[in-house]
Each structure stands twice: as structure tokens, then as C-alpha cells.
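Asker: my questions are about this predicted structure, shown below with the sequence.
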2 protein chains.
Amino acid sequence: MAKSLTSIAAVERDTGLSKDTLRVWERRYGFPTPLRDGNGERVYPRDQVEKLRVIRRLMDSGIRPSKIVAEPLSKLNAQLASRLVADQQPPGECLAFEAVLRVLKAHQATKLYQQLAHELGRRGPKGFVLDIVAPLNTFIGAAWAAGRIEIFEEHLYTEQVRILLRQSLGTLMPDARMPCVVLTTLPGEQHELGILMAQACLAVDGAHCISLGVQTPIPDIVKAAHAHHADVIGISCSEAMRINRVREGLADLRMNLECEIEIWAGGSLWRRAKNAVPGVKPMVSLTDIPSALDAWREKRVFREHQGNPSG
Amino acid sequence: MAKSLTSIAAVERDTGLSKDTLRVWERRYGFPTPLRDGNGERVYPRDQVEKLRVIRRLMDSGIRPSKIVAEPLSKLNAQLASRLVADQQPPGECLAFEAVLRVLKAHQATKLYQQLAHELGRRGPKGFVLDIVAPLNTFIGAAWAAGRIEIFEEHLYTEQVRILLRQSLGTLMPDARMPCVVLTTLPGEQHELGILMAQACLAVDGAHCISLGVQTPIPDIVKAAHAHHADVIGISCSEAMRINRVREGLADLRMNLECEIEIWAGGSLWRRAKNAVPGVKPMVSLTDIPSALDAWREKRVFREHQGNPSG
DNA sequence: AATTCCTCATTGTCTATGACAATTTTGGCT
DNA sequence: AGCCAAAATTGTCATAGACAATGAGGAATT
């Protein structure tokens, strides 16, 4: 276990902060303060990378860099811990959630799976998603933001939910009057859970769903929309994404799609983002999905009466 | 559908070519030749972005930029088409593969699933992976590289295989004499199929597998390895990755892990990469997995006899 | 004839600093 | 309080030169 010094590219990879940002912070805030190698290239000590990762987490929860970049690590950790208390709106079932967290931290994947499968069996796909997965998701996300769990533990959780949802979604039959929805995330967004939850909600209401997986380039989303004759494109955005990037991506997508094809943008990001992108329907909560589907059907029926009464 | 001009950031997102690379190509090869907006910032016409995407594909199959960046698009497309013939080593079952491709291009996800499920039922998990999925995967990858299918169609295929493998892997029990393997990909690598195939091969031989999903940051891989008391870290690398990045990432990982923990790096990338990373075991084919497991067990038995006969 | 080694060309990434647009915050004014 | 303008904040883009790591081609050796 050597000194573990990292290049600027490695820091970008590990923290998600761009090279430009890292250099400009050094210039403006006096942090980080990398050493230099023989070529005059930046070399970051491990503890500075760790601090950068903490900063990144705090920024994801809305804090601006000037307030934190120059602060000592101990203060940042304290702030991280206090975030949990602020974010957490105990939803009644909070105790059970703490139990899930314990199982997760013990890395008992099988036990976690069984507990969740029990709930799925009891409530069915829709109830499972709305009453369990959605709030539990928020809870797990908050636990991560507060430093209570590691990202690989979050992955472990995601994995179990994913398997469960995939299994239960296979049996549902689509309804011809409902839209064909293509689901994916924008490049840079790795969280698949949002898509899966949306897919569950859409499928139980009879919509025909096609998931492209995560991180589909914009031109490919457009091609997929045409190939599948999609009525709606669903994009899931987690709070880990930069709002600017998402806005730019959605505007780009909107510009390249026929306006008959709707774009629905859901995910926890939209709690933070105030103004939406023109021509894109923001879905703050999963409960917006049924009403959006109703609205779509209404509009479609109306349009058919108007323009094409026989078809 | 406006003129669709894109910023350099959007081009980076859509092509995977870094901003630095885009600027330096312009300087060196005279392509791309973006317009400039009011601020003097690059604005790329749509057709140039399309050409860049073709170039990217050709580079992923090993061609160097100086040979192709300045060429006209028509030549590049011809080259792309000829790649398929060159790459494709008909593995006997070639006709069936073409049929799969047809189903895929018709977007008949259910039919595709049924065909694959039939093979899984007939051959069991291991045979299915070795005889069907592995070669089919190569074939689908080649079809993508040759421009015969779109990336979202590849995703559709991946999705079906993923569901099937997940289902059949759930029933297998690990063997206590076999290593605990943590599986993931490096940041930037989005292809999960490699992990799934590795997991299938490992699990049928009794190894205890934990998948972290894709794109785990190096520090998190290290933490996960410790938390799960992993014996082996398995990293899957597709040919879409830049070899440099992978080498750097693996060297970084090796430096931060105790040397008792082995690193096995598999995936189609290693057909192209000649020299491996020190301390990392390259796995060219899935068939290397059983022998690697045997070797691991041998070594472990030997070590226990030497140092710790009672435990 | 095959293999190893050496050299040259290729290529991506890094450096530095200035500029600016987009957003958020602040302060003053109804 | 509520709202608008001014100011501060912040990320990204531009420029051009430098260099290390890789690949390719040829020469020398086994």
C-alpha cells in the first residue's frame, strides 16, 4: 500500500469533478493543493481526493462550493452527518427502513432479497413500488448522502430491487389504448432504479414499456423512438446529476424529436430543479404517472375524433 | 427539426471523444471544422457529429485516427461494412445467429427472450453461457461495429440475456472451498453483459459471487473488497474502452489492494491488448475461468498447509 | 525465417491563463 | 413582504506548446 498519488485524470474519474473544475478551484479557493511530478503535472495525495469526494457529496445536496471547498475536512463531515437529520422526513415506516439498512450494512444480500420479496408478494408490483421501493429509495439515497453507507452497498440494494422488479414485470400485458413508452437515462446518469420504478408504474397501468438501459446517447434515443414508434420518451434523472447537463441534454432531445412525441422527465432531481425545460413534462413523483397516462389518453382520443375519426 | 448545431460538450457526450481530442484533431487533421458562435465557441453541424461517431466506431475496432479522420464519410462507411467480413469467424451456428439478429432488428423482445430461454432450458446455465451467449455476444458486438444494428438494439438484446441469467443464477449454491469474487467494471465501462457471463461461469463452478454493477469508482471497489472479504476482484472490460484508461485504472486498483487479493481482468478488450498490467491476471476467454478457479484453490490449499494447518 | 531491439511517428493528455455566460445572491425600492 | 437590478459566483471554453506512452517499421541477431 504505497503513497497512492493520483493524476488529475484519476481524480476526475474518482470524484466526478472535471479537470477544468479541479484546476480552477486550485486557482480560486486554494484547494486542492496537488504536488507536481517530474513533468510539472499535478499529483494529488490520497487525503485530498477523499476530501474532494466529500465535497462532491455535499454539492450534490445543494451546497455551493465557495462555502465548503476551503473548509477543513472535519467540518465537512459534520455537515454531512447533519444533512441526514435535515433531509429525513420519517414516513411512518421508518423503523422498518432502519432494519433494511442494518441488513444491507451486514451485506446479507439474500436476506435483503427475501425481505423485499415478501413485501412484493404481499402488495403486488404497484403497491410494492409506491409504498416500499419509492420511499425506501429516498431513504437509502439520504443514507448515502449522509455517509452512512458506501456506494457499493447502495449498489447491492439496487441489485436486489432490480431482480425483483424484473421478475414481476415480465407477466404484465400492455393495453392497446395506452402509449408506447421508451425509457432510459441521459449519458452520465448511471442510476437504473428510477427507470425500473417508472416501468413498474407504467406497466401496471397497461402502458407498453421498452427500456433501453442507462446512458443512451441522444441520437440513439431519437433512433429508438422512431424504431419503436414511441408515443412517449421517459427520462429518469437522479439527484447526483448536474442540473445544467440534464437541461442541455433534454433541450437537445426535444429539438431532435417530433413534437407529437412527448418527453416525460422524472426522478428525484426535479425536487431540486425549479424551472423545467420547455416541451418536457417534469414528473416530481411516481404518483404523477397515472394522471399523466390519463391525460395522454384523453388527448389521443380527442385528436382521433378531430383528425382521423375512422382510424 | 431545426439545423441542430451542437456545442463541444454535446459532441463529447454523443461521441465519447474528449474535448481535448476534438480540438487537437481540428488542429492536426483539419477535421472536424466546426463553425463559431457569437462568443467564438465551436458549433458542430450534425453531419460532422455523425462522421465523428463513425470514426469512433472504427477506432474501437483498432484503426488509428490518422488513417481515417481526414477520409470522406463514404469511404468510412465502406470500411465499416468490410470490418464485419474481416472480424466474423463463422462459428458453425452462424445461421442461427443471423436469425437472432433478424428478430432483434424487428424489435420482437418477447420472441427473442423465448428463443434464448429455450436454449437456456436445453443446455443449463453453463452450456448456455459458453455455447450460446459468449459467441452470440461477439457476433452482436461485430454487428454493431459494422453498423448493422443500433446501440439501442444491442441494449434490447443485453436486457433479455440479463433477465435470463439473473433468473438461473439465483438457484445456485456457493462452495466453501471456492473464492469469494467481487465483480464490477471500471468507471466509464457501461457493458454489464461481461459481468453477467463471468458470474454465470463462476457460480456454476461454486464460487461465491457479488456483483457491484457497472462503473464502480476505484476507492469503492477497494472498500467493497474489504467489506466482503473478497479473494478475487473480477473486472470486465469491453473493447469499447480505451486501453490506456483501463491500464491506469487496473494499476491504480492493484496499488490499493493487498496482494493476497487477486485481480482477474476479463473481456473482449484483452484480445486487442498485448501486454497486461503487472499483478493482474488477464482472462482472454470465459473458458479460462474454470482453470483460474482450480489454480486459486490449489494455491489456497498449499498456503493453508504451509502457514496455518489447523485453520 | 523468426525474433528482438531500436528509432521515429503518432496520439492523447496536460499545462497556463484569460474570458465570459449562466446562475445565484444581495441590496434597494416599491 | 414582494420584486427587480446589480454584483458575485461558478463552470466551461479558448489558445498553443510540450511531452510521455503507444504503435509501426526496419535493422540486427539468433
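Answerer: Arrived safely, thanks for sending.
Asker: pLDDT score for A:H305?
Answerer: Looking at A:H305, its pLDDT reads 65.
Asker: next up, the contacts around A:A9.
Answerer: Contact analysis of A:A9 by CB atoms under 8 Å, 6 or more residues apart in numbering or on different chains lists A:K19, B:E248. (Glycine included, C-beta is placed from N, CA and C.)
Asker: mind running it again at 10 Å?
Answerer: Counting by CB atoms under 10 Å, 6 or more residues apart in numbering or on different chains, A:A9 touches A:K19, A:E41, A:R42, B:S18, B:N244, B:R245, B:E248, B:G249.
Asker: cool, A:L156 as well?
Answerer: Listed by CB under 10 Å, 6+ apart, the contact set of A:L156 reads A:104-105, A:107-109, A:112-113, A:149-150, B:210-213, B:224, B:227-228.
Asker: closest to B:L130 among these?
Answerer: Comparing the contacts of A:L156 against B:L130 with CB to CB places B:S211 closest, at 19.2 Å.
Asker: my guess is A:P125 contacts A:V161. True?
Answerer: No. At 11.8 Å, A:P125 and A:V161 do not qualify as touching, with contact defined as CB atoms under 10 Å.
Asker: joint contacts of the two?
Answerer: With CB under 10 Å, 6+ apart, A:P125 and A:V161 have common neighbours A:V133, A:A200.
Asker: between those two, which has more neighbouring residues?
Answerer: Ranked by neighbour count (other CB atoms under 10 Å in any protein chain shown), A:P125 and A:V161 place A:V161 first, with 25 against 21.
Asker: tell me which stretches of the stretch 201-311 of chain A form helices.
Answerer: Using DSSP state H, counting those that start in this stretch, the helices of the stretch 201-311 of chain A run over A:218-227, A:243-256, A:269-272, A:288-307.
Asker: going by mean pLDDT, which of these comes out lowest?
Answerer: helix A:269-272 (a mean of 74).
Asker: list only those of the contacts of A:L156 flagged as buried.
Answerer: Among the contacts of A:L156, those buried by neighbour count (16 or more other CB atoms under 10 Å in any protein chain shown) are A:104, A:107, A:109, A:112-113, A:149-150, B:210-213, B:224, B:227-228.
Asker: chain B contacts on the stretch 1-150 of chain A?
Answerer: A:1-7, A:9-10, A:12-16, A:18-20, A:46, A:49-50, A:53, A:105-107, A:109-110, A:113, A:150 (CB under 10 Å from any CB of the partner chain).
Asker: in helices, which of these appear?
Answerer: Among these, the residues falling in helices (DSSP state H) are A:9-10, A:12-15, A:19-20, A:46, A:49-50, A:53, A:105, A:109-110, A:113.
Asker: centroid-nearest residue for chain A?
Answerer: A:S238 (2.4 Å; CA atoms, centre = their mean).
Asker: isn't that one right next to A:T158, touching?
Answerer: No. With contacts counted by CB under 10 Å, A:S238 stays clear of A:T158, the gap being 11.1 Å.
Asker: which neighbours do these two share?
Answerer: Contacts common to A:S238 and A:T158, judged by CB under 10 Å, 6+ apart, are A:N137, A:H191, A:E192, A:L193.
Asker: stretch A:225-241 close to DNA strand D?
Answerer: No. Stretch A:225-241 lies out of reach of DNA strand D by CB under 7 Å from any atom of the strand, never closer than 11.1 Å.
Asker: so how far does that stretch reach from one end to the other?
Answerer: End-to-end distance for stretch A:225-241: 23 Å, by CA to CA, to the nearest Å.
Asker: and that stretch with DNA strand C, contact?
Answerer: No. On the criterion CB under 7 Å from any atom of the strand, stretch A:225-241 is out of touch with DNA strand C, staying 13.5 Å away.
Asker: same question for stretch A:50-61.
Answerer: No. If you take CB under 7 Å from any atom of the strand as the test, stretch A:50-61 misses DNA strand C, and the best it gets is 11.9 Å.
Asker: and the helices of the stretch 201-311 of chain A: which comes nearest B:N77?
Answerer: The closest of the helices of the stretch 201-311 of chain A to B:N77 is helix A:218-227. By CB to CB, the value is 16.1 Å.
Asker: what packs against the closest one?
Answerer: Applying 3 or more CB pairs under 10 Å, 6 or more residues apart in numbering or on different chains; DSSP states H and E, we find helix A:218-227 packed against strand A:180-184, strand A:208-211, strand A:232-236, helix A:243-256, helix B:8-15, helix B:46-60, helix B:151-169.
Asker: just want the angle from it to helix B:46-60.
Answerer: Helix A:218-227 and helix B:46-60 meet at an angle of 100 degrees, taking axes from the mean of the first three to the mean of the last three CA atoms, to 10 degrees as the criterion.
Asker: so what's the residue in the stretch 51-200 of chain A that chain B sits nearest to up against?
Answerer: Residue of the stretch 51-200 of chain A nearest chain B, by CB to the nearest CB: A:F152 (3.9 Å). Contacts here follow CB under 10 Å, 6+ apart; on that basis A:F152 touches A:107, B:182, B:184, B:210, B:212-213, B:216-217, B:220-225, B:227-228.
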